[in-house]
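[1] Here you go, sequence then predicted model.
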Amino acid sequence: MKQLIGGGIGVISGILLFGFTLVAAAVYSPQVRETGYSREFGLFLSALWEVGVVPIVLSVFFFIIGLVLLFKATDNEWKAKYFLAAEETKPKEKEL
């Protein structure tokens, strides 16, 4: 249960941080246009670079860790539900 809650929080945190970083770059784009930006990257990517790469990396890290925890919790529940039930209903072998 703890893995399920932790995984959900990790995934939601990663998504929110990624989204807010993109919104911050979009809001900052007009200021970058006035001060100058790299023609190679374009306006939005230059603004995203100035906002920072660290929030993007953290959001990807949170998202991946959250997914791992969710898959672990789901796998543990699935094994407990189906494998243990299959062992209990398995017919006994006949003795010779």
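    Perfect, thanks for sending it. These numbers come from a predicted model, not from an experiment.

[2] contacting residues around stretch 16-34?
    The contact list for stretch 16-34, computed with Cβ atoms under 8 Å, 6 or more residues apart in numbering, reads 43-44, 46-48, 50-52, 55-56, 58-60, 62-63. C-beta here means a position set from N, CA and C on the backbone, and glycine is covered the same way.

[3] from those, which ones fall inside helices?
    Members of the contacts of stretch 16-34 lying in helices (criterion: DSSP state H): 43-44, 46-48, 50-51, 55-56, 58-60, 62-63.

[4] Buried ones among those?
    43, 46, 47, 48, 50, 51, 55, 56, 58, 59, 62, 63 (16 or more other Cβ atoms under 10 Å).

[5] Next, format those residues as CSV and append distance to residue 74.
    Below are those laid out as CSV (distance: Cβ to Cβ, whole Å):
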residue, distance to residue 74
43, 41
46, 40
47, 38
48, 33
50, 39
51, 34
55, 28
56, 27
58, 24
59, 22
62, 18
63, 16
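
[6] Columns pLDDT and distance to residue 29 on top of those residues, output as TSV?
    Shown next, in TSV, are these (pLDDT from 0 to 100; distance: Cβ to Cβ, whole Å):
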residue	pLDDT	distance to residue 29
43	89	5
46	90	8
47	90	4
48	91	9
50	89	10
51	90	10
55	95	16
56	95	16
58	96	22
59	96	19
62	97	25
63	97	24
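
[7] In those residues, find the pair that's most separated.
    43 and 62 (27.4 Å; Cβ to Cβ).

[8] Quick check: buried residues in the lengthiest helix in the chain?
    Scanning the chain for the helix with the most residues, using DSSP H, yields helix 2-35. Buried residues in helix 2-35, defined by neighbour count with 16+ other Cβ under 10 Å: 3, 6-7, 10-11, 13-14, 17-18, 21-22, 24-25, 28-29, 32.

[9] With stretch 64-81 instead?
    The neighbour-count check on stretch 64-81 (16+ other Cβ under 10 Å) flags 65, 66, 69, 70, 73 as buried.
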